[in-house]
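Colleague: A predicted structure for the sequence below; I have some questions about it.
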Amino acid sequence: MKNVAPAIFPPNGIGDTTPTNQAVLDWVYEIGKLTKPDNIFWCDGSERENEFLIAESLKQNVLIELNQKKVPRSYLHRSNPNDVARVEKVTFICTPTKEEAGPTNNWSEPAETYSKLYGLLDGAMRGRTMFVVPYIMGPPDSPLAKVGFEITDSKYVVLSMRIMTRMGKVALDRLGNDPKAEWNRGVHSLLDVDPDRRFICHFPQDNTIISVGSGYGGNVLLSKKCLALRIGSYLARKQGWMAEHMLILGVESPEGKKHYVAAAFPSACGKTNFAMLIPPAHFKGWKITTVGDDIAWMEIRDGRLFAVNPENGYFGVVPGTSYKSNPNAMKSIEHDTLYTNVALTDDGDVWWEGKDGPPPKHAIDWRGNDWTPDSKEKAAHPNSRFATPMRNNPALDRDVEKGEGVPISAIIFGGRRSDTVPLVYEAFDWTHGVYLGATMASETTAAATGAVGKVRRDPMAMLPFCGYNIGDYFRHWIDIGEHLSNPPLIFNVNWFRKGADGKFLWPGFGENMRVLKWVIDRCQQNGGAVKSPVGWLPSPHDLDLDGLDIDHRSVADLLGIDHEEWQKELAEHKTFFDSLGGVVPEQLQKQRERTVARFKE
Ligand code: OXD
Ligand code: MN
């Protein structure tokens, strides 16, 4: 097997901070005995360690140095072309029974899976360094914070984890010495980056993740999709909180009144853009701040939902990011950023489709080949990514580190739908809102391998991320609502509806502020709405469209409910619920029947 991750040998004082928790030491010893690395590198998250790892990664071509004047302290990584996105078909939930994993997950029997994975890991780190990465998800003083350890043979993973999590000594301190303390065990090995030997396996009962054969972020930064969502959602149900695929943003009015909103959109549907929105000129004095762009952990306090962002950085899709579409993201990635699979210009800068300005006359594409504007191939992979610390974001919310989190006034669901689904509407109540989330759908994107542009049901944007039976997950949502005396209002949005000419009807990006403003008005009980069979809809004059170049016809089309399209939609809801084989709670079946009935009224 070709060694894709040769060992490195740090000087004294680097890589030698061993934890004191015996349970961690025992586990590292066990994995070391199995994988047989040349040495063990204990990460402490220090600057010195980071500099050493970057220097070694440059020597081994794991990183390419960018022009340090143009993008200071930033680097480019090229992944294996066979390894550029999450792979859902090799992602498994390994619960004792198939029922616990449910109808939407790939299931694999735990004992057999451990044995298969241990077989693959046997000697897998020979000639390599085994890194032990301690990390915390969530503000360190939050009751929701979780400690994880990721063992990996990838330097790229270590460097990314340092951006994406609170990594190093802070986690060792938080864990302490109690050998019974809760912490997540994550093992990752690149093996030989072979798609046939690629598995991302979750053992919720053991709080354990094993990922092999990939180097792509979503498969290997085990803190993110694997812990914060799949294992997180399992723990959340058991412990009475919520782990959701949601951004969290703050909206502050010119008078200083502030609300927080959480929003679930499927991968690559604009969560990062929405979380960093800059209001158009018409909304002078309004401020949007970012708490998180991908994951929300929420718990009930005083009858309300409070949310924290478990992450410490953003792992965003690069193509399409520009000063026009997302100035805050552009400012965030101007420095201290790890780029993956974007193009490299001749002057050492990064480039991608959709970046401001003209394309370069020549560049090296994401595969390392010469590229010119005449090339048929894209210069940057459609799922190329940035990893950047959240502190780079000029719009970072001041309460992002607050352990108790921020109170959520509204939850928004949304997907990429060319037709049927109006720009925005509001659920009649919490359970109706759960139904909206449970039946949401979106056209697939490049964030996962497979067809792009196919409409698929993606409940709460959690289809690839719910770590247990989706029926129990729906029930958990309904239960949470029963414990909220002051629940967030629930909305559905669709920025992607198209007109008869096939063009988007809504400008999106900063103009989404107009929809957000209506959401906030509704939370403050001062927004108008009309009752429709699917929920409360704004009438055109309930939306503040001043200064927006949009015609009446488009607004009517955006807000329209086409009865024929909705008959088809509701039939698809039924097909989807039926496909889940009887796990859908009665309350949600009833919500569907009521919606059908409202269309007949
Ligand atoms: C992501 C995803 O990377 O959802 O956030 O795929
Ligand atoms: Mn995501």
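Modeller: Perfect, I can see it now. Ligands and ions are numbered 1, 2, ... in the order given.
Colleague: just the CA atoms of the strand or helix carrying Arg475, as PDB, please.
Modeller: According to DSSP states H and E, Arg475 maps onto helix 470-482. The C-alpha coordinates for helix 470-482 follow below in PDB (Å, rounded to 0.1, in the frame of the first residue of the first chain):
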ATOM      1  CA  ILE A 470     -36.200   9.100  11.800                       C
ATOM      2  CA  GLY A 471     -39.600   8.300  13.300                       C
ATOM      3  CA  ASP A 472     -38.100   8.700  16.800                       C
ATOM      4  CA  TYR A 473     -36.400  11.800  15.600                       C
ATOM      5  CA  PHE A 474     -39.800  13.300  14.600                       C
ATOM      6  CA  ARG A 475     -41.300  12.200  17.900                       C
ATOM      7  CA  HIS A 476     -38.400  13.900  19.700                       C
ATOM      8  CA  TRP A 477     -39.200  17.200  17.900                       C
ATOM      9  CA  ILE A 478     -42.900  16.900  18.900                       C
ATOM     10  CA  ASP A 479     -41.900  16.100  22.500                       C
ATOM     11  CA  ILE A 480     -39.600  19.100  22.700                       C
ATOM     12  CA  GLY A 481     -42.500  21.300  21.600                       C
ATOM     13  CA  GLU A 482     -44.600  20.000  24.500                       C
END
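Colleague: need the contact partners of that helix.
Modeller: Identification of contacts with helix 470-482 by CB atoms under 8 Å, 6 or more residues apart in numbering yields 102-104, 233, 236-237, 242, 300, 305, 430-431, 434, 437-438, 459-460, 462, 466, 487, 580, 582-585, 587-588. No exception for glycine: its C-beta is placed from N, CA and C like everyone else's.
Colleague: so what's the residue count around Ser108?
Modeller: 20 (other CB atoms under 10 Å).
Colleague: was I right about it contacting Phe203?
Modeller: No. Between Ser108 and Phe203 there is no contact under CB atoms under 8 Å: 9.7 Å.
Colleague: okay, and the common contacts of the two?
Modeller: Among the neighbours of Ser108, those also in contact with Phe203 (CB under 8 Å, 6+ apart) are Cys94.
Colleague: tally of neighbours for Ala228?
Modeller: Counted with other CB under 10 Å, residues neighbouring Ala228 total 30.
Colleague: which residues of the stretch 151-300 of the chain lie near ligand 1?
Modeller: Within the stretch 151-300 of the chain, the positions adjacent to ligand 1 are 218, 267, 294 by CB under 6 Å from any ligand atom.
Colleague: now do the contacts for the last one.
Modeller: This points to Asp294. Applying CB under 8 Å, 6+ apart, we find Asp294 in contact with 224, 245-247, 271-272, 311, 314-315.
Colleague: so of these, which ones are in helices?
Modeller: Using DSSP state H, the subset of those located in helices is 271-272.
Colleague: Throw the contacts of Asp294 into a markdown table and include distance to Asp542, pLDDT and neighbour count, thanks.
Modeller: Formatted as a markdown table, the contacts of Asp294 follow (distance: CB to CB, whole Å; pLDDT from 0 to 100; neighbours: other CB atoms under 10 Å):
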| residue | distance to Asp542 | pLDDT | neighbour count |
| --- | --- | --- | --- |
| Lys224 | 38 | 98 | 26 |
| His245 | 29 | 98 | 25 |
| Met246 | 25 | 98 | 30 |
| Leu247 | 24 | 98 | 26 |
| Lys271 | 25 | 94 | 27 |
| Thr272 | 28 | 95 | 25 |
| Glu311 | 35 | 98 | 23 |
| Tyr314 | 33 | 98 | 28 |
| Phe315 | 36 | 97 | 22 |
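Colleague: show me where pLDDT drops low in the chain?
Modeller: Residue ranges of the chain with pLDDT under 70: 1.
Colleague: what parts of it come near ligand 1?
Modeller: So the chain meets ligand 1 at 86, 218, 267, 294, 315, 447 (CB under 6 Å from any ligand atom).
Colleague: please repeat the previous calculation with a cut-off of 5 Å.
Modeller: Counting by CB under 5 Å from any ligand atom, the chain comes close to ligand 1 at 218, 267, 294, 447.
Colleague: that older thread, so what's the gap between the helix holding Arg475 and the chain middle?
Modeller: Centre-to-centre, helix 470-482 and its host chain are 21 Å apart (CA atoms, centre = their mean, to the nearest Å).
Colleague: His541: what's it in contact with?
Modeller: Counting by CB under 8 Å, 6+ apart, His541 has contacts Gly528.
Colleague: is it correct that it falls within a helix?
Modeller: Yes. With DSSP: H, G, I helix; E, B strand; the rest coil as the criterion, His541 is located in a helix.
Colleague: quick check: longest helix of the chain.
Modeller: The chain, longest helix under DSSP H: helix 563-579.
Colleague: what's the angle from it to helix 470-482?
Modeller: 110 degrees (axes from the mean of the first three to the mean of the last three CA atoms, to 10 degrees).
Colleague: list the buried ones in helix 563-579?
Modeller: By neighbour count, with 16 or more other CB atoms under 10 Å as the criterion, the buried positions of helix 563-579 are 566, 569-570, 573, 576-577.
Colleague: in terms of secondary structure, what does that helix contact?
Modeller: For helix 563-579, the elements it packs on are helix 586-600, judged by 3 or more CB pairs under 8 Å, 6 or more residues apart in numbering; DSSP states H and E.
Colleague: mind listing what's buried in the helix it packs on?
Modeller: By neighbour count on 16+ other CB under 10 Å, the buried set for helix 586-600 is 587-588, 591-592, 595-596.
Colleague: tell me the angle the helix holding Arg475 makes with helix 586-600.
Modeller: Using the same axes, to 10 degrees: helix 470-482 against helix 586-600 is 80 degrees.
Colleague: before we move on, back to that, could you dump the residues of the chain next to ligand 1 to CSV with distance to Thr340 and secondary structure?
Modeller: Formatted as CSV, the residues of the chain next to ligand 1 follow (distance: CB to CB, whole Å; DSSP: H, G, I helix; E, B strand; the rest coil):
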residue, distance to Thr340, secondary structure
Gly218, 11, helix
Ser267, 15, coil
Asp294, 16, coil
Ala447, 13, coil
